[in-house]
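Engineer: here's my sequence, what's the structure:
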Amino acid sequence: MSIKQYLDKNQERFLEELIELLKIPSISADSAYDKDVAIAADFIKEKLIAAGAENVEVCATDGHPIVYGDKIIDESLPTVLVYGHYDVQPPDPLELWESGPFEPVIKKTDLHPQGAIFARGACDDKGQAYMHVKAFEAMLATDNLPCNVKFMIEGEEESGSENLEPFCRANKERLACDVILISDTSIIANDCPSITTGLRGLSYVEVEVTGPNRDLHSGVYGGAVANPINILSKMIASLHDENNHITIPNFYDDVEIVSSEERYAMNQAPFSQEDYQNDLDINEIHGEKGYTTLERTSIRPTLDCNGIWGGYIGEGAKTVLPSKAFAKISMRLVPHQSSDKITKLFKKHFESIAPKGVKVKVTPHHGGEAAVTPTDTPEYQAAHQAMEKSFGKAPIPARSGGSIPIVALFEEVLGVKTVLMGFGLDSDAIHSPNEHYGLFNYYKGIETIPYFYQYYTELKK
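Structural biologist: Here you go, the predicted structure:
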């Protein structure tokens, strides 16, 4: 039986298994779901064993576990290390979901006429990681696995991967490989395949502004005491100028200058400003002056407030002048910017702009470095050939606006490059209510992955 025949025969089962995985609320950032995260790890373990992997283990860390498994068929052959994550983002705000975030449903949409599965983690990253388990199963079941494979699927990616680096350093020999293969990115469109060649880095902080020592009556004290919410809002607003340029001193010192030729090339990718605005239901785009939307979301650094709160937010009215206000802020970084340096620059600047009537505390959370992958390597060429084979047209190299900090970590610790061969769409609402993943994309990924193994093995001979 060929791989294609095996995939066609088992297509329905592959979907049913993914649905079961998506029902597990494996939210790594919320300790209330620790048991569910562990259940998801066990699910991945059992499916790897059923697929034919060996040495499968749920490896404990100081946080959530990492699932490891491998199949070494010949030490002289190349080894592919598959990385993915089984944890998911919190589903809030729940009221905006059209169906339960952990009650997967399949619906047809304009972009997904064959149907898409709606659930938290459908695209990021359960659906994409699970493609690799099923592709591996298909290759092994049909005696078509051409090289060695290892799996490392973690449970903390959505909360910073804090324990991944210690695990990689402690298991360097166990994880030794020739290339790392990740599907946690997107393609331009279902009729326009692409391969991600660059990722932005990340600096993520939480800020706290404290005014009076207790909440105050806004009538008695309002106008005489600094309101932390008002102050925090002004401080955040001051972080951009009239051209949406970030105002932190020295923020742009190390920013990579992309050539006009490369900027021209990246803007040749299919992109409709009208469709972009219609999809988001916005009347106008917004961003740094002098750059296109494709450039703003890939080669330029950003600073965004991801959440802000303080005072009374319950039903009805409460006339309170709050003691504290808080915000979470993320900065997407580009090549040559250091996440540690940027975090320190932010802290210094944010503290310096606070008026004397309040106290400011900046708490760093997690960060990671930007990464750019070369396009002249055997691993990239294998991915290119694989996608061209399955899609029927050559993929476009494209930089992504997102961050996968472990790509730079893998290169440092394991000394190998990563191939970012994702199959989602930017419109799949990852991290948002109604996240979904097209059935076309799920099955196309499972179809494409075996071609990567085949072509990579041939190119490495």
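Engineer: quick one: Ala394 and Ala386 touch, right?
Structural biologist: No - here Ala394 lies out of contact with Ala386, judged by C-beta atoms under 8 Å, at a distance of 11.3 Å. (Glycine included, C-beta is placed from N, CA and C.)
Engineer: those two: which is more packed in?
Structural biologist: Neighbour tally, Ala394 and Ala386, criterion other C-beta atoms under 10 Å: the higher count belongs to Ala386, 25 against 13.
Engineer: distance of that one from Ile180?
Structural biologist: Distance of Ala386 to Ile180, given as C-beta to C-beta, to the nearest Å: 16 Å.
Engineer: now Lys361
Structural biologist: 37 Å.
Engineer: comparing those two, which residue is more hemmed in?
Structural biologist: Comparing Lys361 with Ile180 by other C-beta under 10 Å, the one with more neighbours is Ile180, at 23 against 14.
Engineer: wait, a helix at the more buried one?
Structural biologist: No - using DSSP: H, G, I helix; E, B strand; the rest coil, the assignment for Ile180 is strand, not a helix.
Engineer: so who does it touch?
Structural biologist: Contacts of Ile180 were listed using C-beta atoms under 8 Å, 6 or more residues apart in numbering, and they are 80-83, 407, 410, 414, 416-419.
Engineer: determine which two of these are furthest apart.
Structural biologist: Spanning the widest gap among the contacts of Ile180 are Val80 and Val407, at 15.3 Å by C-beta to C-beta.
Engineer: the stretch 151-300 of the chain: strands as residue ranges?
Structural biologist: 179-182, 186-187, 194-199, 201-210, 216-217 (DSSP state E, counting those that start in this stretch).
Engineer: so which of those comes closest to Leu94?
Structural biologist: Here strand 201-210 is closest among the strands of the stretch 151-300 of the chain (C-beta to C-beta), at 22.6 Å.
Engineer: neighbouring strands - and their directions - for the closest one?
Structural biologist: Using DSSP bridges, strand 201-210 pairs in its sheet with strand 324-333 (antiparallel), strand 359-368 (antiparallel).
Engineer: chain center to the first one: distance?
Structural biologist: Once both centres are worked out by C-alpha atoms, centre = their mean, to the nearest Å, strand 324-333 turns out to sit 18 Å from its chain's centre.
Engineer: who touches that strand?
Structural biologist: The contact list for strand 324-333 (C-beta under 8 Å, 6+ apart) reads 200-211, 228-229, 231-232, 236, 301-311, 339, 342, 346, 365, 369-370, 401, 403.
Engineer: only alpha carbons, please: show that strand as CSV.
Structural biologist: Backbone C-alpha positions of strand 324-333 (Å, rounded to 0.1, in the frame of the first residue of the first chain) are rendered in CSV as follows:
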residue,chain,number,x,y,z
LYS,A,324,-3.2,50.2,41.3
ALA,A,325,-3.3,49.7,37.5
PHE,A,326,-1.6,47.0,35.4
ALA,A,327,-0.8,46.2,31.8
LYS,A,328,0.9,43.4,29.8
ILE,A,329,3.1,44.6,27.0
SER,A,330,4.8,42.6,24.2
MET,A,331,7.6,43.8,21.9
ARG,A,332,8.2,41.8,18.7
LEU,A,333,11.9,42.1,17.7
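Engineer: averaged pLDDT, it. What do you get?
Structural biologist: The average of the pLDDT scores along strand 324-333 is 97.
Engineer: same check on the last one?
Structural biologist: Strand 359-368 shows an average pLDDT of 93 in the prediction.
Engineer: how about it: buried residues?
Structural biologist: Across strand 359-368, burial judged by 16 or more other C-beta atoms under 10 Å covers 360, 362, 365-368.
Engineer: and what of stretch 129-149?
Structural biologist: In stretch 129-149, counting by 16+ other C-beta under 10 Å, buried: 129-142, 145-149.
Engineer: ditto for stretch 159-172
Structural biologist: 159-161, 163-164, 167-168, 171.
Engineer: now stretch 297-311
Structural biologist: Buried-residue list, stretch 297-311, by 16+ other C-beta under 10 Å: 297-303, 310-311.
Engineer: got those residues as JSON lines, with distance to Gln273 and pLDDT columns?
Structural biologist: Formatted as JSON lines, the buried residues of stretch 297-311 follow (distance: C-beta to C-beta, whole Å; pLDDT from 0 to 100):
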{"residue": "Thr297", "distance to Gln273": "13", "pLDDT": "94"}
{"residue": "Ser298", "distance to Gln273": "16", "pLDDT": "93"}
{"residue": "Ile299", "distance to Gln273": "18", "pLDDT": "94"}
{"residue": "Arg300", "distance to Gln273": "17", "pLDDT": "97"}
{"residue": "Pro301", "distance to Gln273": "22", "pLDDT": "97"}
{"residue": "Thr302", "distance to Gln273": "19", "pLDDT": "98"}
{"residue": "Leu303", "distance to Gln273": "23", "pLDDT": "98"}
{"residue": "Gly310", "distance to Gln273": "36", "pLDDT": "97"}
{"residue": "Gly311", "distance to Gln273": "38", "pLDDT": "95"}
